[in-house]
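Trainee: I'll drop the sequence and a predicted model, then ask my questions.
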Amino acid sequence: MTGEARLWLKRAWLLGVTLVSAIAVVNILTIQHDAPRLGLIRPAIWEISSALVTFCIFSIPGAMALWMIRARPTWRLAVPGHAAAMLLYSILHVAGFVALRRLAHGVLLREAYHFGPLATEFPYEFRKDMLSYGIASIIFWLALRRGAQRPAEVAAAASPATFDILDGARLVRVPVADILAVRSAGNYVEFLLADGRRPLMRSSLSATLEGLSREGFVRTHKSWLVNMARVTGLKPEGSGDYSVELGAVEVPLSRRFPEALAALRA
């Protein structure tokens, strides 16, 4: 797993621990209120023992969530796989808290702990464990999905945007940041690149703007698009027109495009 995936898996486990701990506290107070003759120690032993074992066996739904993300099993494999994992989860939970309760009752209360008939008590616990397993599996699955998506988002943000120029039969892939401006040239558009190259592509200026507008390009003239990130100055030309300076390159800005002027001044 990536570090991001492990981080989100840890966050999911901590969320599960928090939820189980909160439920344990509520259950202790509820039992103590409904059966005050039991005192506080017995409910505390029962709920804390169950919570401690649950913290450990959270690894089972976590592993199954990882399996679902990595292997992408079909439902014919996923359903029996989860059924077996759920049964193991419940068996370990019951066996674990019974062992802890017997130990705690013997040490703290000097008495034996009786779980009750296995035929009736285990199905009761299994129903609760099914819900616990299901919620834990969903939490881990969502966390792993998030952990898998985040590195891709970071990589996409870190890599520079590029634009493909089909110059005749040759494909020219250039970083968007290297495109100073785009000029209409009949049935073609001409790209003014920072390194001095001027490749041509058969396209309309409007269609080119559709692909570059989200990269910070604006239309300053019926025949020109400008990369706002490369603008170094604006020079008034009179009558409301301007000249857009892109280093050594100058591009016209017509008064008919006030939105472009406002965007460049912002």
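Mentor: Alright, I've got the coordinates.

Trainee: mind listing the helices for the stretch 151-266 of the chain?
Mentor: 205-212, 258-265 (DSSP state H, counting those that start in this stretch).

Trainee: Give the buried residues for the last one.
Mentor: If you call a residue buried by 16 or more other CB atoms under 10 Å, then helix 258-265 has these buried ones: 260, 261, 264. Any C-beta I mention is one placed from the backbone N, CA and C, and that applies to glycine too.

Trainee: same check, this time on stretch 23-35
Mentor: Applying a neighbour-count criterion of 16+ other CB under 10 Å, one finds 24, 27, 28, 31, 32 buried in stretch 23-35.

Trainee: quick revisit: redo the helices of the stretch 151-266 of the chain as TSV? Include mean pLDDT.
Mentor: Output for the helices of the stretch 151-266 of the chain, formatted as TSV (pLDDT from 0 to 100):
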stretch	mean pLDDT
helix 205-212	91
helix 258-265	90
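
Trainee: And the ones you listed: which comes nearest residue 66?
Mentor: helix 205-212 (39.1 Å; CB to CB).

Trainee: which residues touch the closest one?
Mentor: With contact meaning CB atoms under 8 Å, 6 or more residues apart in numbering, helix 205-212 is reached by 163, 176, 179, 182, 184, 189, 201, 217, 219, 222-225.

Trainee: any idea which element residue 56 lies in?
Mentor: Using DSSP states H and E, residue 56 maps to helix 41-57.

Trainee: Point out the other helices and strands that that helix packs with.
Mentor: Packed against helix 41-57, as judged by 3 or more CB pairs under 8 Å, 6 or more residues apart in numbering; DSSP states H and E, are the following elements: helix 3-34, helix 75-104.

Trainee: Take the helices of the stretch 151-266 of the chain and write them to JSON lines, including distance to residue 145.
Mentor: Shown next, in JSON lines, are those (distance: least, CB to CB, whole Å):
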{"stretch": "helix 205-212", "distance to residue 145": "30"}
{"stretch": "helix 258-265", "distance to residue 145": "37"}
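
Trainee: Among those helices, single out whichever gets nearest to residue 73.
Mentor: The closest of the helices of the stretch 151-266 of the chain to residue 73 is helix 205-212. By CB to CB, the value is 39.7 Å.

Trainee: what about the strands in the stretch 151-266 of the chain?
Mentor: 162-167, 170-175, 179-185, 188-193, 200-202, 217-221, 224-227, 233-238, 241-246, 249-253 (DSSP state E, counting those that start in this stretch).

Trainee: by contact count, what packs against the one helix or strand residue 127 maps to?
Mentor: Per DSSP H and E: residue 127 is located in helix 118-158. Using 3+ CB pairs under 8 Å, 6+ apart, the elements in contact with helix 118-158 are helix 3-34, helix 59-71, helix 75-104.
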